[in-house]
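>>> sequence and predicted structure, then a few things I'm wondering about:
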Amino acid sequence: MQHSALIVGASGIIGSALAEKLLRGGWRVHGLSRGRTPMPAGCEAIVADLTDAQSVAAAVSGLQVDRVFFTAWARQASEKENIRVNGAMISHVLDALGGSLNSSQNQGHVALVTGLKHYLGPFEAYATGAVPVTPFREEQGRLPVDNFYYEQEDRLFAAAQRHGFTWSVHRPHTIVGYAIGNAMNMGVTLAVYATLCKYTGQPFIFPGSAMQWQGLTDMTDARQLARHLEWAATHDQGKNQDFNVVNGDIFRWQWMWPRIAGYFGLEAAPFPGQTSPLGERMHDAAAQWADIAARFRLREADIDKLVSWWHTDADLGRPMEIVTDMSKSRKAGFTGYQDTHDGFIDLFERLKTERIIPA
């Protein structure tokens, strides 16, 4: 049986990797987005304002799908606004589609992607409370703080109970993958940073904390997350479960950083012993990038459409070790693995092929 999927946020870092994965597997794929960036080839585009219930209802009217994947969120000025806006986005889609998800041949399934802020708390209260002991495990549950992830989960659970579909929640760590114009894209941000250092002579300084430099960490390749999403949506072991999802290896940035530097022909600068946030150091980056883009005829001269200094600073500036346990997925039968270093190199190669960075 051919599955038919709706990916909410199909043009983003997660959604595009998932669309490509499902299309290769013979799925019919619809992508719901604001229409600002191109969809992957083969994905049927649906344009709507996710914050507007009427816009969503009109856009998906008559749509027949048996799988829905939420891979998008809209950053707001406060966590209370994050809760209001991002919770409503879940309801707008599921109120419009929920009753049509199930058929006589197939029970529908809805997957929600959140992240490790489930355990750390939102940005405005980031790790200020009692952070669970690492590695993070699903059994550790929720923190006693406002968190839009919890609101999204609760709206998903309520809709599943009303309409009878199954669900899964997926919690990746920092995601690396190909997407342009995405606010949470460390891989592209580091590629642009390294390119700037290469052509302007700036030192390639690790911007994060001593804990991140020295401690163990892990990451999530967007392709690994796509495999995990498809697995949970098509196997009984994935139904009505929450899962952490990372690549399956661990590393220290003091090991990874010189290897990223070497790929770009750079010498990694010595770690300065303290955070050196990119947001505070890249004041001239926009003009420098415009010059590099013109010199090498790159596709995007506007650096603000490529980088997310703030998000990379937040990830690499964490004052605690972040390691994620994947035992629950392994025991349930998911065996996907992605080498993190290879994931970075694959991304950098694609960025060169797509003329986002110089070849």
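Arrived safely. All values derive from a computational prediction rather than experimental measurement.

>>> verify the stated contact: residue 34 with residue 50.
Yes. When contacts are counted by C-beta atoms under 8 Å, residue 34 is listed as touching residue 50 (7.5 Å). No exception for glycine: its C-beta is placed from N, CA and C like everyone else's.

>>> give me the more crowded residue out of these two.
More crowded of residue 34 and residue 50, by other C-beta atoms under 10 Å: residue 50, with 24 against 15.

>>> phi, psi for that one please.
Taking degrees, to the nearest 10, you get phi -60, psi -20 for the backbone angles of residue 50.

>>> kindly report the same for residue 73.
phi -150, psi 160.

>>> quick one, what contacts the closest residue to it other than its chain neighbours?
Counting by C-beta to C-beta, 6 or more residues apart in numbering, residue 73 lies nearest to residue 86, which is 5.1 Å off, once chain neighbours are set aside. Applying C-beta atoms under 8 Å, 6 or more residues apart in numbering, one finds that residue 86 lies in contact with 73, 74, 76, 148, 151, 152.

>>> just the residues you listed: which are in helices?
Among the contacts of residue 86, the subset assigned to helices under DSSP state H consists of 148, 151, 152.

>>> pull the contacting residues for residue 208.
Residues in contact with residue 208 (C-beta under 8 Å, 6+ apart) are 253, 275, 313, 315, 316, 317, 318.

>>> thought the third one was touching residue 281?
Yep, that's residue 313 we're talking about. No. Assessed by C-beta under 8 Å, residue 313 is found out of contact with residue 281, at 9.9 Å.

>>> and the ones in helices among the contacts of residue 86 as JSON lines, adding neighbour count and distance to residue 341?
Below are the ones in helices among the contacts of residue 86 laid out as JSON lines (neighbours: other C-beta atoms under 10 Å; distance: C-beta to C-beta, whole Å):
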{"residue": "148", "neighbour count": "25", "distance to residue 341": "32"}
{"residue": "151", "neighbour count": "20", "distance to residue 341": "36"}
{"residue": "152", "neighbour count": "24", "distance to residue 341": "32"}
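
>>> picking that back up, residue 217: which of the contacts of residue 86 is nearest?
Each of these was scored against residue 217 by C-beta to C-beta, and residue 73 proved nearest at 22.5 Å.

>>> measure the closest one to residue 115 for me?
For residue 73, the distance to residue 115 (C-beta to C-beta, to the nearest Å) stands at 9 Å.

>>> who has more neighbours, those two?
Taking other C-beta under 10 Å, residue 73 and residue 115 do not tie; residue 73 has more neighbours (23 against 19).

>>> might you report the residue contacts of that one?
Under the criterion of C-beta under 8 Å, 6+ apart, the contact list for residue 73 reads 9, 82, 86, 89, 148.

>>> among these, which are in helices?
Per DSSP H, helices hold the following members of the contacts of residue 73: 82, 86, 89, 148.

>>> distance check, the nearest residue to the third one once chain neighbours are set aside against residue 56.
Spelled out, that is residue 89. Leaving out its chain neighbours, the residue that sits closest to residue 89 by C-beta to C-beta, 6+ apart is residue 50, at 4.4 Å. From residue 50 across to residue 56, the span is 6 Å (C-beta to C-beta).

>>> give the helix, strand or coil label for the closest residue to residue 60 other than its chain neighbours.
Counting by C-beta to C-beta, 6+ apart, residue 96 is the residue found nearest to residue 60 once chain neighbours are left out, at 5.1 Å. Assigned by DSSP: H, G, I helix; E, B strand; the rest coil, the conformation of residue 96 is helix.
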